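1. I need the structure of the sequence given here:
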Amino acid sequence: MPPKYEAEGLHAAEVIRREMPQVAILVLSAYVAVRDAMDLLESGERVGYLLKTRVVDVEMFHDVLARIISGASVVDPVLVRELVAARRTEYPLDVLSRREHEVLAP
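-> Numbers count the residues shown, from 1 in each chain. Next up, the predicted model:
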């Protein structure tokens, strides 16, 4: 969304969800913004995130909207792949020794 063509649409969706949680939200994006998308998806049901290139015909788009309105969540397969890949990455502290963990512990 203008003016910066960054994540303004996702931020607008977060505000809408916070102020009007009953409203169904579908974000159409040109790219995958994993962190922002996760924040939106964690906000509850009746939410969707699709890449614009996924919307190929009116019937499919209508089906997605109907599913979201009825309470479902719809997530683009590309975003799902990104989320799974991010989950598979190693936890940064796993490389530390037991002693290093002890030093860092509260």
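
2. residue 73 pairs with what?
-> Note on residue 73: beta-bridge partners by DSSP bridges are residue 47.

3. wait, it sits on residue 47?
-> Yes: between residue 73 and residue 47 there is a contact at 5.3 Å, judged by CB atoms under 8 Å. The C-beta positions use only the backbone N, C-alpha and C, and glycine is treated the same way.

4. what residues are shared contacts of these two?
-> residue 41 (CB atoms under 8 Å, 6 or more residues apart in numbering).

5. these two: who's more crowded?
-> Per other CB atoms under 10 Å, whichever of residue 73 and residue 47 has more neighbours is residue 47, with 23 against 14.

6. now the helices for the chain?
-> According to DSSP state H, the chain carries its helices in the segments 8-19, 34-42, 58-69, 77-88, 98-104.

7. mean pLDDT per helix and strand in this protein: which one sits at the bottom?
-> Least confident helix or strand, the chain: helix 77-88 with a mean of 82, by mean pLDDT, DSSP states H and E.

8. tell me what angle that one forms with helix 34-42.
-> On the basis of axes from the mean of the first three to the mean of the last three CA atoms, to 10 degrees, helix 77-88 is oriented at 100 degrees to helix 34-42.

9. helix 77-88 packs against which elements?
-> helix 34-42, strand 47-51 (3 or more CB pairs under 8 Å, 6 or more residues apart in numbering; DSSP states H and E).
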